[in-house]
Structures are given as C-alpha cells and as structure tokens.
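Novice: Please work out how this folds:
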Amino acid sequence: MKKIPSFTINHELLLPGIYVSRKDEVGGEVVTTFDIRMKAPNREPALHAGALHTIEHLAATYLRNDEEWKDRIIYWGPMGCLTGNYLIIRGDYESKDIVELMKRTFQFVAGFEGDIPGAAPKDCGNWLLHDLPMARWESEKYLETLRNIKEENLVYPQN
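Specialist: From the prediction side, this is the model:
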C-alpha cells in the first residue's frame, strides 16, 4: 500500500506555520493544499474541538469573502488531529504567498464578535459545539507565529 505523503512528515520536528502539503493537477490546473499548522504536534495540547469548529466557520466565511482570494478558495477545514486546518486554493502557490492572507484571516477570527456564521441547527451538523472565546484566543496565539514567520515555519522539516 502506498504511503500518504503527509504521513511521512516528521511531526516531532513540525512547528506551527504554513506548509505546502501537496499540489495536484485538476482539469489542467494546479490546486495547492496548505497545512495551516496552529500547534506543535505531540508537544502542546491540541485545539479544543469547539474552538476549532468555530475557527472553521469564521475562517471559511472570511476566506470566501476576501476580495483578492475568494474566487480561488476551494476548501477550508480542520485536521482530524486537531492541530490545524487544511486550505485548498486553485493555483500553484508556495507558503510565503499566503502569509498575508492568513494574517488577515486570523485577525478576523481573533477580533470576531457576534453570532458565529452558520452556527444554527438548520445550518450546522453540530451547532452546539462552538467556543468563540477559545477560537479568538487560539487565533491570537497563532498570529504570533504569523507575525514572526521564519523559513522553518514555511517548509516541512526533513526527517
């Protein structure tokens, strides 16, 4: 059985950051999947499910409305390991290309007040699993990584 490339990354060395997880060709066009890693895997507590769910709703809302990027955003969603999110964008990009977009996205989440978009029983499959205060706190914490981004936060570590 073929190994999944993302399972070959040394998670013991992985830092919070933005990483190109993969690039695929779909219909003659490149689609880039980003690993938006908010936590150092296995070295700090994972994101609480309620916070991550709220980040998912708010970030997806922001990204699909961003004037510069909205037509290229395909998907934003949480990782099963609860240490970050995946972002899929139409086009051939590198991690450095979306740093400013991620700063804007997480500033939006960190400063969000009010009703969470799509967090009603008719709109969401688990509408009670939201935690806006923790989503804001985790987003502000991740913004520190983004504000001080270095090469080791943009390129997967080698084994």
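
Novice: contacts and neighbour counts: CA atoms only from here.
Specialist: OK.

Novice: got the end-to-end distance for stretch 42-49?
Specialist: The straight-line separation of the ends of stretch 42-49 (CA to CA, to the nearest Å) is 16 Å.

Novice: Over to stretch 63-72?
Specialist: End-to-end for stretch 63-72, by CA to CA: 9 Å.

Novice: list the buried ones in that stretch?
Specialist: Within stretch 63-72, the residues that qualify as buried are 63, 64, 66, counting by 16 or more other CA atoms under 10 Å.

Novice: Let me see the mean pLDDT of that stretch.
Specialist: What stretch 63-72 shows for mean pLDDT is 97.

Novice: re earlier: including distance to residue 79 and secondary structure, could the buried residues of stretch 63-72 go into a markdown table?
Specialist: Listed next are the buried residues of stretch 63-72 as a markdown table, based on distance: CA to CA, whole Å; DSSP: H, G, I helix; E, B strand; the rest coil:
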| residue | distance to residue 79 | secondary structure |
| --- | --- | --- |
| 63 | 17 | helix |
| 64 | 19 | coil |
| 66 | 22 | coil |
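
Novice: Give the residue spans of this protein that score low on pLDDT.
Specialist: 4-5 (pLDDT under 70).

Novice: Can you tell me which of the buried residues of stretch 63-72 lies closest to residue 133?
Specialist: residue 63 (20.4 Å; CA to CA).

Novice: hang on, that closest one packs against residue 73?
Specialist: Yes - look at residue 63 against residue 73 with CA atoms under 8 Å: they come within range, at 6.9 Å.

Novice: List the residues that contact residue 146.
Specialist: 17, 99, 102, 103 (CA atoms under 8 Å, 6 or more residues apart in numbering).

Novice: what's the helix or strand for it?
Specialist: helix 132-147 (DSSP states H and E).

Novice: buried ones in that helix?
Specialist: In helix 132-147, counting by 16+ other CA under 10 Å, buried: 132, 134, 135, 136, 138, 139, 140, 142, 143, 145, 146.

Novice: Specify which member of the residues you listed is nearest to residue 111.
Specialist: residue 136 (6.7 Å).

Novice: all helices of the protein, in order?
Specialist: Assigned by DSSP state H, the chain shows helices spanning 49-63, 99-110, 132-147.

Novice: could those be laid out in CSV, adding distance to residue 36?
Specialist: Converted to CSV, the helices of the chain look like this (distance: least, CA to CA, whole Å):
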stretch, distance to residue 36
helix 49-63, 12
helix 99-110, 9
helix 132-147, 10
